[in-house]
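*Asks:* Here is a sequence together with a model predicted from it:
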Amino acid sequence: MKLSGSCLCGAVGFRLEGWVSPIQACHAARCRKATGALYAPEIAASSAQFNWVGDTDAIASYEAPILHEPPAYKRNFCARCGSPLPVVLEDAGYAIIHAGILDGDPDLRVFRHAFTAQQSPCCDITDAAPQYEGQPPTPDPTELNP
Ligand SMILES: [Zn+2]
């Protein structure tokens, strides 16, 4: 699958090919704070075919303190406009991307809800996707969109 995305001001973008997960709606308090949204619409994508485009000097990072065990909770964002940007986890082999910064119609939908124990009181889950009170199992990349 070929996808692209960019920040609000357009300074930083990315292109990716290879496997992409459907959207995980993450209701964790940290993810809500990091996005300003009632849940974070996260996708995972192959880091092997992930490429930044534009001004990579504009990529800023923040690492929140570790809660239980490493790795740290890392957030990337555009230093100019503040849009959330992908976090590429080379060792794990994937990138985490907020679906709202993807261009066009990526043909992805919410397939599950994570950390619903921390769900915002303002958020009603109205779809039939499976709900996990905590961290769901890691999907098998071979079963995802090629
Ligand atoms: Zn920007």
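*Replies:* Received, thanks. The shown structure was predicted, so the numbers you read here are calculated from the model rather than taken from an experiment. Numbers count the residues shown, from 1 in each chain.

*Asks:* Can you pull the residues of the chain lying near the ion?
*Replies:* By Cβ under 5 Å from the ion, the residues of the chain that approach the ion are 7, 9, 11, 78, 80-81. Every residue, glycine included, has its C-beta placed from N, CA and C.

*Asks:* So residue 132 versus the ion, what's the distance?
*Replies:* Per Cβ to the ion, to the nearest Å, residue 132 is found 32 Å from the ion.

*Asks:* Just give the closest residue to that residue, not the sequence neighbours.
*Replies:* Leaving aside its chain neighbours, residue 132 sits nearest to residue 114 (5.3 Å; criterion: Cβ to Cβ, 6 or more residues apart in numbering).

*Asks:* so who does that neighbour touch?
*Replies:* Residue 114 makes contacts with 24-28, 132, 134-136, as judged by Cβ atoms under 8 Å, 6 or more residues apart in numbering.

*Asks:* Looking at the residues you listed, spot the one nearest residue 100.
*Replies:* residue 25 (11.7 Å; Cβ to Cβ).

*Asks:* Would you check that that closest one makes contact with residue 109?
*Replies:* No. Residue 25 lies out of contact with residue 109 (Cβ atoms under 8 Å); the separation is 10.3 Å.

*Asks:* Neighbours of residue 67, how many?
*Replies:* 8 (other Cβ atoms under 10 Å).

*Asks:* Hmm, it is touching residue 73, no?
*Replies:* Yes. At 7.4 Å, residue 67 counts as touching residue 73 under the criterion of Cβ under 8 Å.

*Asks:* I'd like the distance between the closest residue to residue 22 other than its chain neighbours and residue 91.
*Replies:* Among residues not flanking residue 22 along the chain, residue 111 sits closest, at 3.8 Å (Cβ to Cβ, 6+ apart). To residue 91, residue 111 is 25 Å away according to Cβ to Cβ, to the nearest Å.

*Asks:* Contact partners for the residue nearest to residue 22?
*Replies:* If you count contacts by Cβ under 8 Å, 6+ apart, residue 111 has them with 21-24, 129-130.

*Asks:* ok, now residue 38?
*Replies:* Counted by Cβ under 8 Å, 6+ apart, residue 38 has contacts 27, 32, 120, 122-123.
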